[in-house]
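Participant: Sequence plus the predicted model coming up.
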Amino acid sequence: MQNGKYAGKGTYAPCLSLAKRLGLGDCTPMSFRYTLEESLAGFRRNRAATLITIFTVSISLLLLGVFAIITLNFSEIVEEIRTRVEVEAFLREELSEAQHRETGKRLRSIRGVEEVTYISKDEAARIFQREFGEKHDDLLEDNPLPASYRLKIHQGYDNPDSIAVIARKAESTPGVESVVYRKQFLNLIETRARTFRYATLFIGIVLGLSAIILVANTIRLTIEAKRGIIRTMKLVGATAMFIRLPFLIEGILHGIIGGILAAILLGVSIGFFIEPLSEDLLLSFEIKTAYYLVLIAVGGLLGFIGSMVSIGRFLRETLSAQT
Amino acid sequence: MIEFHNVRLVFGDQVVLDRANLKISEGEFVYVIGETGIGKSSFLRLIYMDILPSFGRVRVGGYDSSTIRSYHIPYLRRSIGIVFQDFLLLEDRTVAENVAFALYVTGAKKQMIGPKVAKVLAEVGLSAKENAMPGDLSGGEKQRVAIARALVNDPVILLADEPTGNLDPAASRDILAIFDRVNRRGTACIIATHDYGMLVQRPGRVIKIQNRNFYDVV
C-alpha cells in the first residue's frame, strides 16, 4: 500500500504543512460557516448559564476596571508627591558670597540633583512671613533664618533610598550646616504605595481567575451537551483545531460581551457618581477610550483562556473515554 | 499495510498484549476473535491510534505509532472507516446529514458532499431513507448508516467492532454482504466479532487473540 492512498491527499503525514499541523488545512467556506453556527448555538443551548457567565464576567471586569483606575490614580498621586519632594541644605552663617556660589556648584554636581535654587536669608524671611503671618523682627532683632539651597531631585532618583544618599552627600558638602527633607513622610508614602499595589494585584488575580473558571464551566456545559458530536468528529478525522474553534469563539464572545457590559457600567458609574466628586477627592477620573477597549480585550482574553482550559481537557481524552 | 512489531499494551496492571507481532496486507478480509475482554477492541483502537502501545510499534500505512504526533492522527483516521456495535449516530440529524457530517467536518467542498452522500447511501441500500431520523430506523438500518458514514471518505481500511452485536440474523447477513462488496473494491476489512456464524457465511482470515498475542486460525 502506498502512502499516497492515505488522507492528506497524497501527503504522507510527517510532511504535513504548517496549516494542517495547526488544523487549519480544512478551512473551507462550509467549515467556517459551521464554526460560526456552532459558536452561536452554544448561546442558545445554555441560555441561563451563558447569561449568568456574561453577567458575572462583567461584574468581575467592572471591579477589575475600578481597581485599575484607583491604582492608576494612586500611582499618579504618589508620583506627584515624589516630584514635589525637595531636599533643603541650610548654609553656614559665616560663608562669603563666593563660598555660597561654590557650595551651590558642588550641590548641583551631586548625582540625582536636577536643579538647585538659592534661598537667601531675606528670601527665607519672606517665606517665613508668608507661611506664619509674622515677621521675624517681631520676635527677634536679627534675621536668624539661614540661607539655603533647595535641591530638586531628578525623576529617576525620587525614591527614599536615593534621596537619603543625596541628603547625606549634601550634608557632607563644605559650607552646608544641615539638611532637611520629609524622610518619614516619603517612607510612609512608599510603604503605603507598595502595599496598595500588592493588594490590587492580588484582587485582580482573584477576579481574573474567577472569571476564567466561570467561562470554563459554561463551556464545559456546552461540551457535555455536544459529547456525541465531538466524538463523531474525532472518529471521522476532524482536526483538534476544527473541534476546538467553535468553543473558543463562544468563550471569547462571553468575555467580550462581559467586557462591553463592564465598560458601559464603568462609564455610567464614573459619569454619574464619581466625576462630580473628583474635585473633592483631588482625583482625576478622565478615562480614555483605549482604557475601555483594553477592558473589553481583557474580557476576550479571559474567555479565551477559560474555553481553552475546558476543551483542552476534553480533547486529550481518548475516544473510548468519551462514550 | 498494518504491522504490529513487538507490541506490548498495558492498562494499569493488566497486560493486554505482550510482544505481539502481526501483519495485515492491503485488501485483506480479517476477523479478529477471542473471549470477551481479551483485547479485540483495544487491537482496533491501536490501529486508529486512539491508544498507543506501551512498547513496540504499530504501523498503519505511513503512520508509525512511535513517531506519530497528535496532529497527524485526524489525517490517519480519514483513511480508516470505523463502525461500532452501538452505531454512534447523531440523533438530531437525518440519515443524509449523519453521513454528510463526516465530509463536512473534514473540509470537503460543498458541491462534492451531495453526490458522495447519495452514492454511499445507494451502496448500503438506504437511498429511500435519506431524510429519515435515526430514531425511525431499525437496528440494521442504523448500522448501515454508520457504515455509510465510515465509507464516505473512501477509506483504505474499514474497522468494525462487533458490528452485528445488536442485530438479528437477517440484518447481520445484510451488513456482512456490504462488507463483502466493500472488500471486493480493495478496502481491507477488519472485523472484531464473537459471532462465529459470520466466519462461515463469508470466509476470511481469522486472527485469534489469546495469551496476549495473535494467532492465525487456519
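Facilitator: It's in.

Participant: lowest confidence element among the helices and strands of chain B?
Facilitator: Scoring the helices and strands of chain B by mean pLDDT, DSSP states H and E places helix B:196-201 at the bottom, with a mean of 83.

Participant: same for that helix, what does it pack against?
Facilitator: Secondary-structure packing of helix B:196-201 (3 or more CB pairs under 8 Å, 6 or more residues apart in numbering or on different chains; DSSP states H and E): strand B:29-33, helix B:169-184. All C-beta atoms are positioned from the backbone trio N, CA, C, and that covers glycine.

Participant: Counting by contacts, list what the helix or strand just after that helix packs against.
Facilitator: Using DSSP states H and E, the helix or strand that follows helix B:196-201 in sequence is strand B:205-210. Helices and strands touching strand B:205-210, as assessed by 3+ CB pairs under 8 Å, 6+ apart, comprise strand B:14-24, strand B:29-33, strand B:213-217.

Participant: contact partners of the last one?
Facilitator: Residues lying outside strand B:213-217 but in contact with it, judged by CB atoms under 8 Å, 6 or more residues apart in numbering or on different chains, are B:4, B:17-22, B:33, B:205-209.

Participant: and that strand, which residues are buried?
Facilitator: Residues residue B:214 are the ones in strand B:213-217 that count as buried (16 or more other CB atoms under 10 Å in any protein chain shown).

Participant: gap between that strand and the chain center?
Facilitator: Strand B:213-217 sits 19 Å away from the centroid of its parent chain (CA atoms, centre = their mean, to the nearest Å).

Participant: could you give the mean pLDDT of that strand?
Facilitator: Throughout strand B:213-217, pLDDT has a mean value of 90.

Participant: who's in contact with the nearest residue to residue A:146 once chain neighbours are set aside?
Facilitator: Closest residue to residue A:146 in three dimensions, ignoring its sequence neighbours and counting by CB to CB, 6 or more residues apart in numbering or on different chains: residue A:90, at 4.5 Å. By CB under 8 Å, 6+ apart, the residues touching residue A:90 are A:146, A:147, A:148, A:176, A:177, A:178, A:179, A:180.

Participant: The fifth one: neighbouring residues, count only.
Facilitator: Number of residues near residue A:177 (other CB atoms under 10 Å in any protein chain shown) recorded here: 14.

Participant: how about it, secondary structure?
Facilitator: Reducing the assignment at residue A:177 to three states with DSSP: H, G, I helix; E, B strand; the rest coil gives strand.

Participant: Mind giving me the packing neighbours of the helix or strand where residue A:68 lies?
Facilitator: Counting by DSSP H and E, the element that carries residue A:68 is helix A:47-84. On a contact count with 3+ CB pairs under 8 Å, 6+ apart, helix A:47-84 meets helix A:183-225, helix A:240-269, helix A:289-316.

Participant: Tell me which of those helices lies nearest to chain B.
Facilitator: When those are compared for distance to chain B using CB to the nearest CB, the nearest one is helix A:240-269, at 6.2 Å.

Participant: in that closest one, what counts as buried?
Facilitator: Using 16+ other CB under 10 Å as the burial criterion, the residues of helix A:240-269 that qualify are A:240-263, A:265-266.

Participant: any low-confidence regions in chain A?
Facilitator: Counting by pLDDT under 70, chain A contains low-confidence ranges at A:1-32, A:42, A:45, A:134-141, A:278-286, A:318-323.

Participant: Tell me how it divides into domains.
Facilitator: For chain A, automatic domain parsing gives the domain ranges A:31-78+A:190-320, A:86-181.

Participant: For residue B:51, find the nearest of those.
Facilitator: domain A:31-78+A:190-320 (6.1 Å; CB to CB).

Participant: what's the distance between that closest one and the middle of its chain?
Facilitator: Taking CA atoms, centre = their mean, one finds the center of domain A:31-78+A:190-320 at 16 Å from the center of the full chain.

Participant: And for stretch B:27-36?
Facilitator: Between the centre of stretch B:27-36 and the centre of its chain there are 11 Å (CA atoms, centre = their mean).

Participant: Just give me the residue closest to the centre of chain B.
Facilitator: residue B:159 (1.7 Å; CA atoms, centre = their mean).

Participant: and it, what is it in contact with?
Facilitator: Applying CB under 8 Å, 6+ apart to residue B:159 gives the contacts B:44, B:47, B:48, B:80, B:81, B:82, B:83, B:190, B:191, B:192.

Participant: Out of those residues, list just those in strands.
Facilitator: Among the contacts of residue B:159, DSSP state E puts B:80, B:81, B:82, B:83, B:190, B:191, B:192 in strands.
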